[in-house]
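Engineer: Just need the structure, nothing else, for what follows:
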Amino acid sequence: MATNKRISDEPAYVLHRYDWSESSLILEVFTRHYGRIALVAKGAKRPTSSFRPILLPLQPLHVAYGGDAEIRTLKSAEWQGGHVMPTGDALLSGYYLNELLLTLLARDDTHAALFDIYDHVVKVIASEHGEVLQAALRTWELLLLREIGLLPALDRQTMTLAPLQPDARYLLVPEGGLRQAGSEDRAALTGAQWLQLHAAVQDGAPFTTTLRACADMMAELKPQLRHLLHYHCGVKTLRTRQMMIDIQAL
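Structural biologist: All right, here's what the predicted structure looks like:
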């Protein structure tokens, strides 16, 4: 719900920005305590604006805002430091995180735990440890789906509630959840692997434990999570994913 009280010193990330007038911007912002919100940054496009070098994606901010309309007014924004703007594949990966949030999160729906996970993933993306980038993306997909209630239980078959057998193979499908795989399902994981992921996403520090779990099964997880996300987003291919494909084809 919209509020007319002023919010100060709120941890936030800019997900997207739109032109609103010759000098102002509309921002889609992910905040820790208030979820995804829309803010107008008046005068942000002016060369002398203090907002101009700060209101960038993938940069940790503290913001202050107020107003009682659906789009509130940004009062201040302070960069919290820590890393410079990612480039290349890391930048596209960051845009991918943001596209998922913009598509799957309703405005004004609080997700403090998801904000903290996002913060962890952005720090990995912005680091020079490119070897963990894919594991961080799979971790983000799993934990995003869990936090918004779209990830089925990973310790049993969804339709029958039958427990998983450690050596049997299972597949995660959009309309059926976790089911036993057929011989043609090459991307399937064993019951033991799904049980490992189930324990990881339920852990008190899910980012770290899920990142470690995903590292050994990324090739199988990627197509399954992609199909599930596309199904819930209502698209065949996300824009950022298509951009990556187009760039690789050049």
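Engineer: Flag every buried residue along stretch 14-30.
Structural biologist: Of the residues in stretch 14-30, those scored as buried under the neighbour-count criterion (16 or more other CB atoms under 10 Å) are Val14, Leu15, His16, Arg17, Trp20, Ser24, Leu25, Ile26, Leu27, Glu28, Val29, Phe30. From N, CA and C alone the C-beta is placed, and that goes for glycine too.
Engineer: per-domain residue ranges of this structure.
Structural biologist: Under the assignment automatic domain parsing, the domains of the chain span 7-79, 88-249.
Engineer: For the ones you listed, which has the smallest mean pLDDT value?
Structural biologist: Mean pLDDT values for the domains of the chain show the minimum at domain 88-249, a mean of 90.
Engineer: thought Leu100 was touching Leu142?
Structural biologist: No - the pair Leu100 / Leu142 is not scored as a contact, 11.9 Å apart, by CB atoms under 8 Å.
Engineer: Have a look at the two and say which one is more surrounded.
Structural biologist: When neighbours are counted by other CB atoms under 10 Å, Leu142 comes out ahead of the other of Leu100 and Leu142, with 25 against 22.
Engineer: in what helix or strand does the more buried one lie?
Structural biologist: helix 133-147 (DSSP states H and E).
Engineer: Which helix or strand lies directly C-terminal to that helix?
Structural biologist: The helix or strand immediately downstream of helix 133-147 is strand 169-173, counting by DSSP H and E.
Engineer: That next one: what's the following helix or strand?
Structural biologist: With elements assigned by DSSP H and E, the helix or strand that comes after strand 169-173 is strand 177-180.
Engineer: which other residues reach that next one?
Structural biologist: Outside strand 177-180, the residues that touch it by CB atoms under 8 Å, 6 or more residues apart in numbering are 152-154, 156-159, 164, 168-173, 194.
Engineer: try it again with 6 Å
Structural biologist: Residues lying outside strand 177-180 but in contact with it, judged by CB atoms under 6 Å, 6 or more residues apart in numbering, are Pro152, Gln157, Thr158, Tyr170, Leu171, Leu172.
Engineer: Strand partners (parallel or antiparallel) of that strand?
Structural biologist: strand 169-173 (antiparallel) (DSSP bridges).
Engineer: angle of the partner strand against helix 133-147?
Structural biologist: 70 degrees (axes from the mean of the first three to the mean of the last three CA atoms, to 10 degrees).
Engineer: how far does strand 169-173 sit from the chain's center?
Structural biologist: For strand 169-173, the separation from the chain centroid amounts to 23 Å (computed by CA atoms, centre = their mean, to the nearest Å).
Engineer: can you list contacts of that strand?
Structural biologist: Residues from elsewhere that reach strand 169-173 (CB under 6 Å, 6+ apart): Leu178, Arg179, Gln180, Ala181, Asp185, Ala188, Thr190, Trp194, Gln224.
Engineer: So the fourth one sits against Ala187, correct?
Structural biologist: No - counting by CB atoms under 6 Å, Ala181 does not reach Ala187; the two are 8.5 Å apart.
Engineer: does the spatially most central residue of the chain sit in a helix, a strand or a coil?
Structural biologist: Note on the chain: the residue nearest the mean C-alpha position is Leu97, at 3.9 Å, using CA atoms, centre = their mean. When the structure is reduced to helix, strand and coil (DSSP: H, G, I helix; E, B strand; the rest coil), Leu97 reads as helix.
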